[in-house]
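Chemist: predicted model, plus sequence, below.
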Amino acid sequence: MLASCTPADTISPVITTGLAGLDWHVGHLTRRLRLSQGRSQAELARTTGVALSKVQRLEDQGHGSLDTLARIAAALETSPGQLYTYIESMKPTA
């Protein structure tokens, strides 16, 4: 599923500065994947069994438990590892 998102659609430019930056990118990428599938936050919450407020917090702030991220990622046909790998691959090289 990540292949359907282009860098311009997801994170441009990607500059992760510490954990806070990585959190933001995970939330942003999660939102882009959900929108690319035409799904609402409420629908994603229902299908994953995750509270709507947790979906919103993950997308807005990148905060959530690994379980929440895993459930949402699976529903978006990816995994937490794939999300982080994609984000790392977008970092500018020196």
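Modeler: Structure's in. What do you need? As the structure is a computational prediction, the values presented were derived from the model and not from experiment.
Chemist: excluding its backbone neighbours, what's nearest Ala74?
Modeler: Nearest residue to Ala74, sequence neighbours excluded (Cβ to Cβ, 6 or more residues apart in numbering): Thr48, at 7.6 Å. In this view, the C-beta of every residue, glycine as well, is placed from N, C-alpha and C.
Chemist: just Asp60 next, same as before
Modeler: Nearest to Asp60 is Gly27, by Cβ to Cβ, 6+ apart, at 6.2 Å.
Chemist: outside of the helix or strand encompassing Gln56, which residues touch it?
Modeler: Element membership for Gln56 (DSSP states H and E) is helix 52-61. Outside helix 52-61, the residues within contact range by Cβ atoms under 8 Å, 6 or more residues apart in numbering are 23-24, 26-28, 30-31, 34, 41-42, 44-45, 48, 63-64, 68-69, 72.
Chemist: repeat that with 7 Å
Modeler: Helix 52-61 is contacted by residues 23, 27, 30-31, 41-42, 44-45, 63-64, 68-69, 72 when judged by Cβ atoms under 7 Å, 6 or more residues apart in numbering.
Chemist: likewise for stretch 65-81?
Modeler: 1-2, 30, 33-34, 37, 44, 47-50, 54-55, 58, 83.
Chemist: so, low pLDDT: which residues of this protein?
Modeler: 1-23, 93-94 (pLDDT under 70).
Chemist: re the thing from before, select only the buried ones of the contacts of stretch 65-81 in ChimeraX?
Modeler: Here is the ChimeraX command that selects only those of these that count as buried (16 or more other Cβ atoms under 10 Å):
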select :2,30,33,34,44,48,50,54,55,58,83
